[in-house]
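[1] Any chance you can model this:
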Amino acid sequence: MDRPFRFEVEAAGHLGHVFAARRPAVNAADGGPDTAPPAPAVVLVHGIGVSHRYLRRLHGVLAGSVDTYSIDLPGFGATPRPEHTLTVADHASYILGAMEQLGVLEFMIVGHSMGTQFAVEAARQQPGRIPYVVLMGPVVDSKRRTVVQQALALGRDSLFFESPSANALVFTDYLRCGPSWYLKTLRVMMGYPMEEKIAGVAAPVLVLRGASDPVASADWCRRLADRAPSGTLLEIRGTGHVVQHNRAAEVAEAIMSFAGLPRAASDVPREFRA
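    Next up, the predicted model:
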């Protein structure tokens, strides 16, 4: 996959980055134009403290089949920090506004960790634009709604269930984020009632977790899938919370299958650099 284009986009009063990759053209056997049926783009949304970097492998696989976009939300990655703490609704408004500015009016949204909250909120704000919602490792478990419980689960995950490369990406992004912005955003994350909000999502929802994920437990993910009007639960074995990095090809296959879309010829993860 070619290096994606990076767009600096101001939307909803804030500045973020969008990394865009177009799928390769598929020519007909007679050398005619692209005959593949139109498919919604895929927008990948990171979680608290991190950036697009731990989504790069998944982005690389998906971009072989569909137009794929990864977002660095305002205040994360290399984006400037907003003057005030943003709510989940603020982040969702940024995603919707940024994609509209890029001419992407319909898209499947795929969020990871706190990014699942942004995905749910975006689907609630403008349901006509989002035909499918994918929630990878969703938070926050309503039975473990304290910072200490979440921190212990994340610690277990990083010690026992993550690859060294996943830990390196996450922890270096945490350093870039800084403790002040992380803690401000953490309060927002802990206060978002995912189990209530998901009931208002009209689009089909895929709840996807690494089978060893201590942050997004099997019970919690099952309850979320049941609360969604049209919910499906899927587990990827042999990995923890950062499932999209450690099992990119399997996650991409699940996303494409969920949306009824054909896969590209290659399933080899291709990680872009940006």
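
[2] Report the separation between the most centrally placed residue in the chain and Arg145.
    Of all residues in the chain, the one closest to the mean position by C-alpha atoms, centre = their mean is Gly111, 2.4 Å from it. Distance of Gly111 to Arg145, computed by C-beta to C-beta, to the nearest Å: 19 Å. Heads up, the C-betas are built off the backbone N, CA and C, glycines and all.

[3] With Phe171 instead?
    Distance of Phe171 to Arg145, given as C-beta to C-beta: 24 Å.

[4] Am I right that the residue nearest to the centre of the chain falls within a strand?
    Yes. Assessed with DSSP: H, G, I helix; E, B strand; the rest coil, Gly111 lies in a strand.

[5] Could you number the chain from 52 rather than 1 from now on?
    Let's use 52 as the start, then, which means that last one is Gly162.

[6] Do you know the pLDDT at it?
    Looking at Gly162, its pLDDT stands at 98.

[7] Tell me what it is bridged to.
    For Gly162, the beta-bridge partners are Val96, Leu186 (DSSP bridges).

[8] was I right about it contacting Phe169?
    Yes. At 5.6 Å, Gly162 counts as touching Phe169 under the criterion of C-beta atoms under 8 Å.

[9] what is in contact with those two at once?
    Shared contacts of Gly162 and Phe169, defined by C-beta atoms under 8 Å, 6 or more residues apart in numbering, are found at Val96.

[10] pLDDT value on Gly83, please?
    50.

[11] ditto for Asn78
    pLDDT, read off for Asn78, is 55.

[12] same question, Val256
    98.

[13] does it really touch Met187, like I thought?
    No. Val256 lies out of contact with Met187 (C-beta under 8 Å); the separation is 11.6 Å.

[14] So for the two, which residue has more residues nearby?
    Met187 (33 against 27; other C-beta atoms under 10 Å).

[15] is it true that that one touches Gln295?
    Yes. Under the criterion of C-beta under 8 Å, Met187 makes contact with Gln295 at 5.7 Å.

[16] any shared contact partners between the two?
    His163, Val302.

[17] Enumerate the strands of the stretch 152-301 of the chain by residue range, in sequence order.
    Along the stretch 152-301 of the chain, counting by DSSP state E, counting those that start in this stretch, strands occupy 158-163, 184-187, 256-261, 282-287.

[18] Tabulate those in a markdown table, adding columns for distance to Gln201.
    Output for the strands of the stretch 152-301 of the chain, formatted as a markdown table (distance: least, C-beta to C-beta, whole Å):
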| stretch | distance to Gln201 |
| --- | --- |
| strand 158-163 | 15 |
| strand 184-187 | 17 |
| strand 256-261 | 15 |
| strand 282-287 | 20 |
